[in-house]
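Asker: The sequence isn't on hand, but the structure is:
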């Protein structure tokens with residue numbers, strides 16, 4: 001059963017001392033967004049993020065960080081929402097950043113995956129929640 005939360009995953013890497021993040025262009029609507037998904041069968045948020053990253057990009061990751069950035073989404077956007085009685089209207093969306101390991105492979109949900117700079121990602125991402133998380137990632141990585 002789908003759990004009542006959504007996860008955003010932002011794989012990142014350093015290329016010639018520049019930060020790049022991986023985003024995907026959805027096949028169903030053509031929007032650029034973070035790698036995303038929902039929990040399944042009692043998974044916790046981190047377990048969901050690890051699984052979704054592997055399923056959708058073929059990547060694994062190290063140094064997982066749960067971001068402060070989060071938002072609430074209408075539950076009607078998701079299959080199975082009728083069973084989420086403790087969430088009458090909205091569910092939380094949590095964001096993670098992770099240093100990417102491996103070679104990407106595009107899943108059936110995306111037409112394309114793209115490594116891009118933080119400013120480029122902010123300019124092409126569809127959703128404000130994604131843009132805010134990208135900003136936070138930049139702040140965190142630059143302050144290390």
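Answerer: Yep, that arrived. Predicted, not measured: the structure shown is a model, and the values here were computed from it.
Asker: In contact with residue 31, which residues?
Answerer: 25, 126, 127 (Cβ atoms under 8 Å, 6 or more residues apart in numbering). Backbone N, C-alpha and C define where each C-beta goes, glycine included.
Asker: Please enumerate the helices of the chain.
Answerer: 45-57, 118-124, 128-142 (DSSP state H).
Asker: and of these, who's closest to residue 100?
Answerer: helix 45-57 (7.9 Å; Cβ to Cβ).
Asker: Which other helices and strands does that closest one contact?
Answerer: Here helix 45-57 touches strand 2-15, strand 18-26, strand 35-40, strand 60-74, strand 90-101, going by 3 or more Cβ pairs under 8 Å, 6 or more residues apart in numbering; DSSP states H and E.
Asker: Determine which of those approaches residue 131 most closely.
Answerer: Per Cβ to Cβ, nearest to residue 131 of these: strand 60-74, 9.5 Å.
Asker: got any ranges where this structure has weak pLDDT?
Answerer: The chain contains no residues with pLDDT under 70.
Asker: Need the helices and strands packed on helix 45-57 in JSON lines (columns: distance to residue 140).
Answerer: What follows is the helices and strands packed on helix 45-57, written out as JSON lines (distance: least, Cβ to Cβ, whole Å):
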{"stretch": "strand 2-15", "distance to residue 140": "10"}
{"stretch": "strand 18-26", "distance to residue 140": "10"}
{"stretch": "strand 35-40", "distance to residue 140": "18"}
{"stretch": "strand 60-74", "distance to residue 140": "7"}
{"stretch": "strand 90-101", "distance to residue 140": "7"}
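Asker: Including mean neighbour count, could the ones you listed go into CSV?
Answerer: Below are those laid out as CSV (neighbours: other Cβ atoms under 10 Å):
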stretch, mean neighbour count
strand 2-15, 20
strand 18-26, 19
strand 35-40, 20
strand 60-74, 14
strand 90-101, 20
